[in-house]
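J.: The sequence and its predicted three-dimensional model are supplied below.
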Amino acid sequence: MLYDVNGKVYFDLISGIAVSNVGHHQQHVVDAIKRQADDYLHLMVYGEYIQSPQLKYAQLLTSNLPEELSNVFFVSSGSEATEGALKLAKRFTRRTEMISFQNAYHGSTQGALSMAGNEELKNSFRPLLPAIKILPFDSVTHLEEITESTACVLIEPIQGESGIRIPSEGFLSKLKKRCVEKGALLIFDEIQTGFGRTGKLFAFEHDGVVPDILLLGKSLGGGMPLGAFISSRPIMQSLTSDPALGHITTFGGHPVCCAAGMAALEVILKENLHEQAALKEKQFRNLLVHPLITNIRGKGLFLSLEFESEETAKKVISTCIEKGVIVDWFLFAPSCMRIAPPLTITEKQIETACRLIMKSIQQINEN
């Protein structure tokens with residue numbers, strides 16, 4: 001719940017865009033922040049000295065990931081995670097070509113923006129990085145464009161800003177197979193989908209396809225700014241030579257952020273919030289039925305309500321906010337409305353929020 005200056009209550013159904021997975025002011029997280037703040041804040045550029053919050057969080061993360069994903073490089077945001085991963089792929093493969101997909105979003109820094117799959121978003125900032133291919137999402141035939149010149153393929157296992165698009169069954173497996181055949185690294189962007197959002201701890205678990213590099217951000221910090229790219233030791237070791245400091249960050253892995261993130265992950269695991277997300281998805285789907293809703297896409301608490309037009313979606317979003325339900329739109333899907341609440345949302349809160357959403361839709365329908 002959020003409250004404005006007049007004390008009006010709002011249901012937060014977007015989690016600060018997939019950040020507040022364990023809700024707002026979660027006591028275990030707040031206590032961890034206070035303890036770490038009492039201990040120490042920033043000490044040194046990340047990696048120069050071993051710091052226990054970074055080490056302990058990396059251990060918890062990797063203990064919940066496949067064995068291949070054993071080395072964590074903390075940064076300060078999801079965009080920085082993308083930047084670090086792109087550099088890592090180019091350094092490890094000694095190749096320059098990089099591939100992403102239409103309507104993808106991986107951040108707004110220049111490298112991340114270069115990989116975005118929307119030309120309108122990029123036009124004002126050219127020239128961007130060269131040697132980038134943008135392929136149609138979920139097209140098996142276009143995987144032939146991955147060749148021996150490709151350093152990496154960057155993809156969201158479930159696309160977010162396109163209005164939540166789930167690839168067809170087998171697509172990610174075929175993508176991984178092609179990357180292995182051609183020696184390209186497969187990068188999964190789970191900046192939005194990680195930490196229980198889709199009903200699994202990580203979205204790649206739905207298909208059982210393990211990436212070479214995993215990108216995390218948003219909810220990684222439990223409400224504090226934190227990002228990470230994670231890979232195997234042999235791949236990550238390539239950043240240690242030629243040059244020796246292949247990637248540097250001052251505030252990446254800030255001890256307070258790591259303490260907060262670790263506490264948040266502990267809450268998710270202890271309360272099985274990722275498993276509950278799949279059940280709560282069904283409740284949203286059952287309660288949000290109206291002729292103006294043409295489709296509901298997504299997994300877990302990562303949902304997109306599609307309307308007949310952009311105009312209708314905007315009106316519904318505005319009316320919902322007026323009635324005390326914070327929802328949002330998508331960058332590349334103007335006719336859709338985002339629903340991605342904290343995983344801690346209760347059945348009663350879902351019922352009340354959905355009732356207000358339905359009232360908003362009905363009000364638009366009558367007008």
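T.: Good, I have the coordinates.

J.: in the protein, which helix or strand is least confident?
T.: helix 119-122 (a mean of 93; mean pLDDT, DSSP states H and E).

J.: what stretches of the stretch 201-350 of the chain score poorly on pLDDT?
T.: When residues are selected by pLDDT under 70, none of them lie in the stretch 201-350 of the chain.

J.: which residue sits closest to residue 3, ignoring its sequence neighbours?
T.: In this structure, residue 3 finds its nearest non-sequential neighbour in residue 9, 5.9 Å apart by C-beta to C-beta, 6 or more residues apart in numbering. Just so you know, the C-beta spots here come from the backbone N, C-alpha and C atoms, and that holds for glycine as well.

J.: sorry, back to before: packing partners of the least confident helix or strand of the chain?
T.: When contacts are defined as 3 or more C-beta pairs under 8 Å, 6 or more residues apart in numbering; DSSP states H and E, helix 119-122 sits against helix 110-114.

J.: Run through who's touching the helix it packs on.
T.: 79, 82-83, 86-87, 106-107, 121-122, 125, 128-129, 132 (C-beta atoms under 8 Å, 6 or more residues apart in numbering).

J.: ok, now stretch 355-367?
T.: Under C-beta under 8 Å, 6+ apart, the answer for stretch 355-367 is 11, 287-288, 290-293, 312, 315-316, 319-320, 322-325, 327.

J.: Could I have the buried ones of those residues as ChimeraX selection syntax?
T.: ChimeraX command restricting the contacts of stretch 355-367 to the buried ones, with burial defined by 16 or more other C-beta atoms under 10 Å:
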select :11,288,292,293,312,315,316,319,320,323,324,325,327
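
J.: What's the local residue count around residue 311?
T.: 12 (other C-beta atoms under 10 Å).

J.: quick one, phi psi at residue 180?
T.: The phi and psi torsions at residue 180 (degrees, to the nearest 10) take the values phi -60, psi -40.

J.: Pull up the gap between it and residue 18, please.
T.: Distance, residue 180 to residue 18, by C-beta to C-beta, to the nearest Å: 30 Å.

J.: quick one, which of the two is more surrounded?
T.: Of the pair residue 180 and residue 18, residue 18 is the one with more neighbours under other C-beta under 10 Å, namely 23 against 12.

J.: distance of the more buried one from residue 51?
T.: 27 Å.

J.: May I have the phi/psi pair for the closest residue to residue 347 other than its chain neighbours?
T.: Computed as C-beta to C-beta, 6+ apart, the closest residue to residue 347 that is not its neighbour in sequence is residue 283, at 6.3 Å. Main-chain torsions, residue 283, degrees, to the nearest 10: phi -60, psi -40.

J.: how close does residue 283 get to residue 195?
T.: From residue 283 to residue 195 the distance is 20 Å (C-beta to C-beta).

J.: which one of these two has more residues nearby?
T.: Neighbours per residue (other C-beta under 10 Å) separate residue 283 from residue 195, with residue 195 holding more: 27 against 14.

J.: doesn't residue 323 make contact with the residue nearest to residue 3?
T.: No: in this structure, residue 9 is not within contact of residue 323 by C-beta atoms under 8 Å, at 10.9 Å.

J.: Thank you kindly, that will do.
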